[in-house]
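Visitor: Fold the stuff below for me.
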Amino acid sequence: MSQIVVLSGKGGTGKTSIVLGLATVMPSKILADCDVDAADLHLIAKPQAIFTQDFVSGELARIKADECTQCLLCQSRCRFEAITMEPRILAEHCEGCGLCAFICPVGAIKMEPRHCGWLYESRTRFGTMVHAMLKPGAENSGRLVTTVRRRANELAVQEGCAHVLVDGSPGIGCPVIASLTGADLALLVAEPTVSALHDLRRVHELARHFRIPCLVLVNKADLSSDRLREIRDFCSESGLRLVSEIPYDSVFTKAQLAGQSVVEFDPRSQKPRFEAIWDQMRETLEKTALVRL
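Guide: Purely as a prediction, here's the structure:
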């Protein structure tokens, strides 16, 4: 089983559209949406949940009103300003450090597990999909991403699927590291904009740190010939294979409005393109497996 993660150095490059295009042409795969802070793969995949699990991480303080003497010692000592004068806990400010519970003279404050979001297993027309949603302002998205990936891998084994296709978070932060660690291949999606080369360099550096083989795909490739040339030069200098240069095309937007992948919306022109991309990805996976042997 291979794990393939699609990444981008910044948001808005069309990463999720690329994932959906690949999901349409790839055989035998499990989808995993690891962009848990701003998940959008479900908007097109239209998953039908078959299993939902609460995601609990860290702790949250709770004041027992009937036991509180309103001494306000907790309010004066909380460095995060998470306790009001009533007193009442402001969940969005509470860091779960437990100081208030420790210093409360009557034991009126308890630390309880913090509910941060939900994990889903769903059926889609592309196959089984594992995805998640964090509550607004909730933290530990890296841990939730790890949970999503782990479950996707388990389902791939159970269902006998050959691949796990991961839609990763943009950037290089904790959720991206959690998406990337242990993957067999990373497809880096870039666009020819002013920050494009910087974004591509940093996500490639991250992947290289974890020794993950990388391929590059340039989306909206005709936006700037100069920036595109810079990306080509970087790929050549870094030994990165450039698998496709997709020009800007309104068909991507039209497909989104229709609730379809671009391959479903325009199979005549887009299916051969994404099949060619997948062929190059599969070839790289096969070569990498031989090297590891």
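
Visitor: For the spatially most distant residue from the centre of the chain, give me its contacts.
Guide: The outermost residue of the chain relative to its centre, with distances by C-alpha atoms, centre = their mean, is residue 69 at 45.1 Å. Taking C-beta atoms under 8 Å, 6 or more residues apart in numbering as the contact definition, residue 69 lies against 105, 106, 108. C-beta: built from backbone N, CA, C; applies to glycine.

Visitor: my guess is it is in a helix, correct?
Guide: No. Under DSSP: H, G, I helix; E, B strand; the rest coil, residue 69 sits outside any helix and is assigned coil.

Visitor: Need phi/psi at it.
Guide: The phi/psi pair for residue 69 (degrees, to the nearest 10) reads phi -100, psi 0.

Visitor: Same question for residue 251.
Guide: Dihedral angles of residue 251 (phi, psi; degrees, to the nearest 10) stand at phi -60, psi -30.

Visitor: pretty sure it contacts residue 266?
Guide: Yes. Distance between residue 251 and residue 266: 5.1 Å, which falls inside the contact criterion (C-beta atoms under 8 Å).

Visitor: between those two, who's got more neighbours?
Guide: residue 266 (17 against 13; other C-beta atoms under 10 Å).

Visitor: Surely that one and residue 253 touch.
Guide: No. In this structure residue 266 lies outside contact range of residue 253 using C-beta under 8 Å: 11.8 Å.

Visitor: From what I see, residue 98 and residue 61 are in contact.
Guide: Yes. Contact status for residue 98 versus residue 61: in contact at 7.4 Å, counting by C-beta under 8 Å.

Visitor: now the longest helix anywhere in the chain, how far from the centre of its chain.
Guide: Using DSSP state H, we find that the single longest helix of the chain is helix 267-292. Between the mean C-alpha location of helix 267-292 and the chain-wide mean there is a distance of 22 Å, by C-alpha atoms, centre = their mean, to the nearest Å.

Visitor: now do stretch 230-248
Guide: Average the C-alpha atoms of stretch 230-248, do the same for its chain, and the two points are 23 Å apart (C-alpha atoms, centre = their mean).

Visitor: Output it as CSV - backbone C-alpha positions only.
Guide: As requested, C-alpha coordinates have been extracted for stretch 230-248 and formatted as CSV (Å, rounded to 0.1, in the frame of the first residue of the first chain):
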residue,chain,number,x,y,z
GLU,A,230,11.7,30.1,-12.4
ILE,A,231,9.8,27.1,-11.2
ARG,A,232,11.1,25.0,-14.2
ASP,A,233,14.7,26.1,-13.3
PHE,A,234,14.2,25.2,-9.7
CYS,A,235,12.9,21.8,-10.5
SER,A,236,15.8,21.1,-12.9
GLU,A,237,18.3,22.2,-10.3
SER,A,238,16.7,20.2,-7.5
GLY,A,239,16.2,17.1,-9.6
LEU,A,240,12.4,17.4,-9.3
ARG,A,241,10.2,15.9,-12.0
LEU,A,242,7.6,18.3,-13.3
VAL,A,243,4.7,16.1,-14.1
SER,A,244,2.3,18.6,-15.6
GLU,A,245,1.7,22.3,-16.4
ILE,A,246,-2.0,22.9,-16.3
PRO,A,247,-3.1,26.3,-17.9
TYR,A,248,-5.7,28.5,-16.3
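
Visitor: per-residue confidence for residue 292?
Guide: Confidence at residue 292, expressed as pLDDT, is 50.
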